[in-house]
Every structure is written in C-alpha cells, then in structure tokens.
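>>> coords please:
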Amino acid sequence: MTDPTPAATIEPVWLVRATCAPDAAETRVPFRPRHLARLAELKAAGVIVEAGAFLDVSESVLLIRAGTEAEALEVCRGDVYMQNGVWVELRAKAFGRMRTADEA
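Numbers count the residues shown, from 1 in each chain. As a prediction, this is how the structure comes out:
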C-alpha cells in the first residue's frame, strides 16, 4: 500500500531581497545583535522561514510568510538594518517554497 500523503507541497511565501549599502560591512556592526535577535524571534514565531546574507555583504535574502507583498516588505521595514541605512532597497517576489511532509 502506498502513502497517499505527498512527499512535498508548495508553500507560497515571499522572497525578499534587501540591497545593502556599499559600506554595510562597517555600518551594520552596532546594529547586528538587535537585527539577529529580531530575526530569531520572527523565525521562532514562524514569520521568517529563512534569512541570510551574501558573504560579500551586498544583499540579504529573506523568505517570509505573509499574506501580501506589502506585509512582507513591512516586516523588513521594521528591521533595524532598514531603519539605519544598512539596507537601502527592498524587493519582494512571490516564491513557491518546497515544504516536505516532515516539516511542522
């Protein structure tokens, strides 16, 4: 007998790309602990699926659960990086995230 539950489904989320200022490697330093703490809280709450940055500090990428593009961008606008010029531009695009059956 085969399991009728699919091995994976597609979860609609928002992929947000946050462009960093040219001097972000330096200017983010005093804000980084607050930025990371907030992202951890949002991830624990299920709002953020994943977040990270390119190692050259050119851009951050976030996968956000939100009903609309505006809501996803608002999550980022509330971040200390955006409020202090570490991030200088936000772009969001609907993204189909593969979700496996063993994920909560």
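>>> helix or strand for the most centrally placed residue in the chain, which one?
The centroid of the chain falls nearest to Leu62 when counting by CA atoms, centre = their mean (1.9 Å). If you go by DSSP states H and E, Leu62 is part of strand 59-64.
>>> Contacts for that strand next, please.
13-20, 39, 47-54, 72, 75-76, 81, 87, 92, 95, 97 (CB atoms under 8 Å, 6 or more residues apart in numbering). (Glycine included, C-beta is placed from N, CA and C.)
>>> Of those, grab the buried ones for ChimeraX.
Restricted to buried positions by 16 or more other CB atoms under 10 Å, the ChimeraX selection for the contacts of strand 59-64 reads:
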select :13,14,15,16,18,20,39,47,48,49,51,53,72,75,76,81,87,92,95,97
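>>> Filter the contacts of strand 59-64 down to just the ones in helices.
39, 72, 75-76, 81 (DSSP state H).
>>> Just the closest of the residues you listed to Ala7, please.
Each of those was scored against Ala7 by CB to CB, and Ala72 proved nearest at 27.2 Å.
>>> Not including adjacent chain positions, what is the nearest residue to that closest one?
Closest residue to Ala72 apart from its sequence neighbours, by CB to CB, 6 or more residues apart in numbering: Trp14 at 3.6 Å.
>>> That neighbour pairs with what?
Ile64, Ala94 (DSSP bridges).
>>> does it really touch Arg91, like I thought?
No. Using CB atoms under 8 Å, Trp14 makes no contact with Arg91, being 10.2 Å away.
>>> hey, what's the closest residue to Cys76 other than its chain neighbours bridged with?
Spatial nearest neighbour of Cys76, excluding adjacent residues (CB to CB, 6+ apart): Leu90 at 5.2 Å. Counting by DSSP bridges, Leu90 is bridged to Ala18.
>>> so what's Leu90 up against?
16-19, 73, 76-77, 82.
>>> Which single one of these is nearest to Asp102?
Val16 (25.8 Å).
>>> Distance of that closest one relative to Ala94?
If you measure Val16 against Ala94 using CB to CB, to the nearest Å, the figure is 11 Å.
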